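Enquirer: Sequence first, then the predicted structure:
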Amino acid sequence: MHLVKLKINNLRNIKSAEIYPGSKINFILGNNGAGKTTLLESIYLLARAKSFRQSKNRNLISDTESELIIYAEIERDNATQNRIGLSKRKDKTSVRKDGKKIVRLSDLANNIPLTIITPNIQRIVEEGPAHRRKLLNWGLFHVEQSYGKLAQRYKKTIDQRNSALSKNRKELPIWTKQLAVIGEELNQLQQTYFLKWNNCLNKITKHHSYEQKFKLEMVNGWKRGMSLLEALEEQTSSDMERGFTTAGPHRLDIRITVEDRLTKNYFSRGQNKILALNMMLAQAMLLKEENREAPILLVDDFQSELDSDHYNQVLELMSHINVQTFITSLDSRTCDHFTDDEVNMFHVEHGSIIEC
């Protein structure tokens, strides 16, 4: 899918703008503070109804204004078209698709699959498992239709078990068994997706020259060699002391190693950044292979800490994946090795957006 039209009113320093982006790579050029990231933010708001920069609505809306409005026309991979509009006031957010109100955020996320690459993307590799779980769950949500409802059931059941750990211990065996059944089913979806994701990642990494091969391994979230029920029962005493469940898919991690050492302690910051990018692009590739809607890719200031050779490799890889991509950049020369039909360029200055 891709945006064919985007209108922005009263979002930060962008008072009024209308653009017609290309279906491939769109470079957003301009000086710092001009509004480049705000343009990306407008697309993110349409997909998530919240900002990746600031959660308070009053800081999103332009000074002296009471409401921001974002409108987009979308063409899907099956050639159907939709109109999506979002309005935000200080105390209210409203989203409509083809004139009908969207209430659930999951429905909105389904309408516009989107992933964003920010300057601190290396956190996926370098920091705790929550970042990697979030990435895997994003992919599962968009590839496996049953995942969303199953994940909700798991969340409700684990809440009930956590409550039973301290309040209703007579019910603890019941919730433990139910959690084990749902958790095993959820884990099977995770394993199946992980294998497909890893295969796509192996295809993508051929575009980059890693001197050492890295390895991805999914760690289920409970002791190896045990069923989830066995692990939950073994952890019961410890869980009662802590007041929460310590085994299950919610504790999953993806270990990334080079020569049996964690990648975060082996690769440079720039290498970790490229590895994290590859993991995200592999998800975009998998979505296309599974005949789902291709996601929109937002890339904000990715060039920092990368030399020109590696940055150009990244741009070529994004072009190869062939999804609609919006890239902010200070330097128009980053577009030089693309042909005119591959890219669109927009210049942002003081909140005004002009197609180059």
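Expert: Looks like it came in fine.

Enquirer: Tell me the helix or strand right after the biggest helix by length in the chain.
Expert: Selection of the longest helix in the chain by residue count, based on DSSP state H, yields helix 172-204. Going down the chain from helix 172-204, the next helix or strand is strand 214-219, by DSSP states H and E.

Enquirer: Regarding Ile70, what is its secondary structure?
Expert: Secondary structure for Ile70, judged by DSSP: H, G, I helix; E, B strand; the rest coil, is strand.

Enquirer: For the host helix or strand of Arg133, the averaged confidence score.
Expert: Taking DSSP H and E as the definition, Arg133 sits inside helix 129-143. Average pLDDT, helix 129-143: 94.

Enquirer: For it, which outside residues touch it?
Expert: If you take C-beta atoms under 8 Å, 6 or more residues apart in numbering as the criterion, helix 129-143 is touched by 106, 109-110, 113, 115, 123-124, 147-148, 151, 189-190, 193-194, 196-197, 250-254, 279-280, 283, 286-287, 290, 292-293, 295. C-beta coordinates here come from the backbone N, C-alpha and C atoms, glycine included.

Enquirer: ok, back up a step: quick check: buried residues in the longest helix of the chain?
Expert: 172, 175-176, 178-180, 182-183, 185-187, 189-190, 193-194, 196-198, 200-201, 204 (16 or more other C-beta atoms under 10 Å).

Enquirer: cool, and stretch 147-166?
Expert: Of the residues in stretch 147-166, those with enough neighbours to count as buried (16+ other C-beta under 10 Å) are 147-148, 150-151, 153-154, 157-158, 160-162, 164-165.

Enquirer: In helices only, show me those.
Expert: Secondary structure defined by DSSP H assigns 147-148, 150-151, 153-154, 157-158, 160-162, 164-165 of those to helices.

Enquirer: Kindly reformat these as a markdown table containing pLDDT.
Expert: Output for those, formatted as a markdown table (pLDDT from 0 to 100):
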| residue | pLDDT |
| --- | --- |
| Tyr147 | 95 |
| Gly148 | 92 |
| Leu150 | 97 |
| Ala151 | 96 |
| Arg153 | 97 |
| Tyr154 | 98 |
| Thr157 | 98 |
| Ile158 | 97 |
| Gln160 | 97 |
| Arg161 | 97 |
| Asn162 | 96 |
| Ala164 | 96 |
| Leu165 | 96 |
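
Enquirer: quick one: which of the residues you listed is nearest to Ala47?
Expert: Here the nearest of those to Ala47, counting by C-beta to C-beta, is Gly148; it sits at 15.6 Å.

Enquirer: For that closest one, give me its contacts.
Expert: Counting by C-beta under 8 Å, 6+ apart, Gly148 makes contact with 106, 141.

Enquirer: Please report how far it lies from Asn110.
Expert: As judged by C-beta to C-beta, to the nearest Å, Gly148 and Asn110 stand 9 Å apart.

Enquirer: Any idea what the most centrally placed residue in the chain is bridged to?
Expert: Of all residues in the chain, the one closest to the mean position by C-alpha atoms, centre = their mean is Thr115, 3.9 Å from it. For Thr115, the beta-bridge partners are Leu297 (DSSP bridges).

Enquirer: Could you give the bridge partners of Ile256?
Expert: Legend: beta-bridge partners of Ile256 under DSSP bridges are Leu216.

Enquirer: I'd like the distance between it and Asn278.
Expert: Counting by C-beta to C-beta, the gap from Ile256 to Asn278 is 11 Å.

Enquirer: With Tyr311 instead?
Expert: According to C-beta to C-beta, Tyr311 and Asn278 sit 14 Å apart.

Enquirer: What of Gln145?
Expert: On the measure of C-beta to C-beta, Gln145 and Asn278 end up 26 Å apart.

Enquirer: Have a look at these two and say which one is more surrounded.
Expert: Neighbour count, other C-beta atoms under 10 Å: between Gln145 and Asn278, Asn278 has more, with 22 against 10.

Enquirer: Gly243 - how many residues pack around it?
Expert: By the other C-beta under 10 Å criterion, the neighbourhood of Gly243 contains 11 residues.

Enquirer: One more: Glu41?
Expert: By the criterion of other C-beta under 10 Å, Glu41 has 24 neighbours.

Enquirer: Quick check: phi and psi at the residue lying closest to it once chain neighbours are set aside.
Expert: Leaving aside its chain neighbours, Glu41 sits nearest to Ser51 (5.5 Å; criterion: C-beta to C-beta, 6 or more residues apart in numbering). Comment: the main-chain dihedrals of Ser51 come out as phi -100, psi 150, following degrees, to the nearest 10.
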